[in-house]
Each structure stands twice: as C-alpha cells, then as structure tokens.
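>>> Please find the sequence and the predicted model below.
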Amino acid sequence: MSDEEMYLHYHGLLLPKETHSLESLKFVQEFTFEDEDVVTVTYPKSGTAWMQEILPLLLNDGDLTPIQTIPNWDRAPWLEEKRLAVVVDQLKSPRALVTHFPYRLMPHSFHASKAKVIYVMRNPMDVMVSSYYFHQMAAFLQDPGTFEEFMDKFLEGRVLFGKWTDHVKGWRHTDLGDRIMYITYEEMVQDLPAALRRMSDFLGRKLSDEVIQKIAEHCSFKTMKTNNMSNFSLVPKIYMDSDKSPFLRKGVAGDWKNHFSSEQQAKFTSVIRKDLEKESFSLPWSL
Ligand code: A3P
C-alpha cells in the first residue's frame, strides 16, 4: 500500500488510517476535558503503554481491576484515536487518557480545564529503534525500509506524529505551569518506585510505600509481558505480528548502541542538536 492509502495527513502530521479518522480527529477537538483528567503525553514509542498501566493504578490506589479486566487502549484511551468515542462514556473519573498530539493541537477545552499532564520523554535514538521494529510488526504502518532509510525519515519528521524535536519543543514551551510534569523513560527504567512516587505526588495521591511497591511490580516489563490486557496479544495477528517483533520488545534504555554505527550516531546527534540549538532546556542524555 502507498503512504496515501495508509496515512492521513493532519496539520502536517502523518497518522495511520487504521486507528485515526477525520471523525476521530473532529471528536477530539470537541472533546470536553474535566479538571480531574490526567493525560499522558508521549511521542510514539516513548512508553505510552507503560503509562496506560501505571496511571489507572496510581489513580485507583493500586486496585488491579482495571489492568486485569480492561485492555490498555480502553482503560486509558488515546485522545486522537477512533476508540475514544466508543469508550468515553465508560471512563470513570478521574479519567486516564493518553495522546501523541503536539501541544498546538490540544483542544480548546483542555486549555480551559485544570487537567494534568505527564510528559514522558525517551532518548530519541531508542525511540527510533523501537519505532523501526514496530513498523515491521504493525501491518497498518509502512515497511520501514533499511535502518538508514528509516533514520533519514525519522530525522526529517516523515514519520508518525512528525519530528521528535518539534514534539519535545512544543511540550516544553507551554503555559500549563504546575499542571505539567516531565519525566523520562530512562528514569522509570532506572528506579520505577521513585518515578511512581514522583508521579503520585504530582497527582496529589497519598500512596503508601506498600502500594507503590505493588504498582511497581505490576508495571514491570516482565509482568506486563504476561498481562494479556496489556501486551497487545488481543490484537489479531494480521494487524500486529508478534512473531516479527513483540510490542513489549526489550524495555531497556540504550538499545540504540546495538543498532547505530558510529557514523549513524554522529549524523543523528548532529541533526537533533541543530534542531534544538536555540532551546534553553537541555536534554537529560548526552547526545
Ligand atoms: P522497546 O521497543 O524499546 O522495547 P509505546 O507504548 O509508546 O509505543 O512504547 C513502547 C516501548 O515501551 C517499547 O520499547 C516497550 O517495550 C516499552 N515498554 C512498555 N512497557 C514497558 C515496561 N513496563 N518497562 C520498560 N519498557 C516498557
């Protein structure tokens, strides 16, 4: 299939038609945010599914019911995807939502609300590696081509949800004040209980150390891999083929080292650095 057949073009972004439609994009623009809503924002492949596990647990004092009975895409649905309209009335407050939208596309009611945002950022080289494998296993995405070809597309933003640097820049410059917290995938990998504590404090949840520990255990890569509500095994193989690459693939920081040549790394980092050269914020990794 051609790009045109597979993807929608929406405000300069490429979105897969399998999961997005003009109706779903209109639905989100008319969506009414509630003050209690919590939205995880990620560039694709930065830990979205992980947060779909974490947030419902943090918001329900570690009650396992949501993660054991509801698939991740329904318990913390994507704002921009078709599925939201189907499940929106079943979501209980405080609602957990996720989005890959850039800040500039967030709907009017989001700005008018007090909804909180957790922005999860991941080393872009690992994001690209994860995305490369995801494009091989997901039938609704274009074949990534060679690693080098995919890298060029990634750096130019000819991939889902556009350029990584634009996404980060947009969400770094918001007027959300203390409604937004930033966390990295690497921080979560390194010390999940500490990351969970930081998130629960931000959300104003008073959770005991026992509950934090319980959530950390249920959100570990190993446990999530065995949770059919979270490992995408409910998705028919014709859409996602885990024999090609499992959705929960490696779950580590630094897998890029197994994929990038030193020339590719130099090229990648120089483009990212150039894109961000005028920015006042610094990245948490040495790129
Ligand atoms: P890898 O492909 O590097 O393994 P998203 O949900 O945004 O698409 O991100 C998917 C990435 O998050 C995958 O990365 C996946 O393995 C990783 N991930 C999901 N759950 C995780 C967990 N509990 N611990 C560590 N990584 C996790």
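Now that the structure is in, tell me what you want to look at. All values derive from a computational prediction rather than experimental measurement.
>>> for the residue most central in space within the chain, what are its contacts?
The chain has residue 48 as the residue nearest its centroid, 3.1 Å off, counting by Cα atoms, centre = their mean. Counting by Cβ atoms under 8 Å, 6 or more residues apart in numbering, residue 48 touches 40, 42, 98, 100, 120. Bear in mind the C-beta positions are built from the backbone N, C-alpha and C, glycine included.
>>> Give the burial count for the closest residue to residue 202 other than its chain neighbours, as a bare number.
Nearest residue to residue 202, sequence neighbours excluded (Cβ to Cβ, 6 or more residues apart in numbering): residue 181, at 4.5 Å. Taking other Cβ atoms under 10 Å as the criterion, the count of residues near residue 181 is 16.
>>> and if you look at the one 5 residues further on?
Other residues within reach of residue 186, judged by other Cβ under 10 Å, total 18.
>>> do residue 154 as well
Using other Cβ under 10 Å, residue 154 is surrounded by 22 other residues.
>>> Then the one 5 residues further on?
Using other Cβ under 10 Å as the criterion, residue 159 is surrounded by 24 other residues.
>>> Would you enumerate the residues in contact with it?
Contacts for residue 159 (Cβ under 8 Å, 6+ apart) come out as 14, 131, 153.
>>> Look up how far the ligand lies from it.
13 Å (Cβ to the nearest ligand atom, to the nearest Å).
>>> cool, and residue 15?
Counting by Cβ to the nearest ligand atom, the gap from residue 15 to the ligand is 15 Å.
>>> so that residue touches residue 140, yeah?
No: contact criterion Cβ atoms under 8 Å: residue 15 and residue 140 do not qualify, at 10.7 Å.
>>> neighbour-wise, which of the two wins?
Set side by side, residue 15 and residue 140 show unequal neighbour counts under other Cβ under 10 Å, the larger going to residue 15 at 23 against 15.
>>> and the nearest residue in space to the more buried one that is not next to it in sequence, how many residues sit next to it?
Counting by Cβ to Cβ, 6+ apart, residue 8 is the residue found nearest to residue 15 once chain neighbours are left out, at 4.7 Å. Neighbour count for residue 8, taken as other Cβ under 10 Å: 16.
>>> So residue 8 belongs to a strand, correct?
Yes: the assignment for residue 8 by DSSP: H, G, I helix; E, B strand; the rest coil puts it in a strand.
>>> ok, it to the ligand distance?
Residue 8 sits 19 Å away from the ligand, going by Cβ to the nearest ligand atom.
>>> residues contacting that residue?
By Cβ under 8 Å, 6+ apart, the contact list for residue 8 reads 14, 15, 16, 17, 20, 21, 22, 25.
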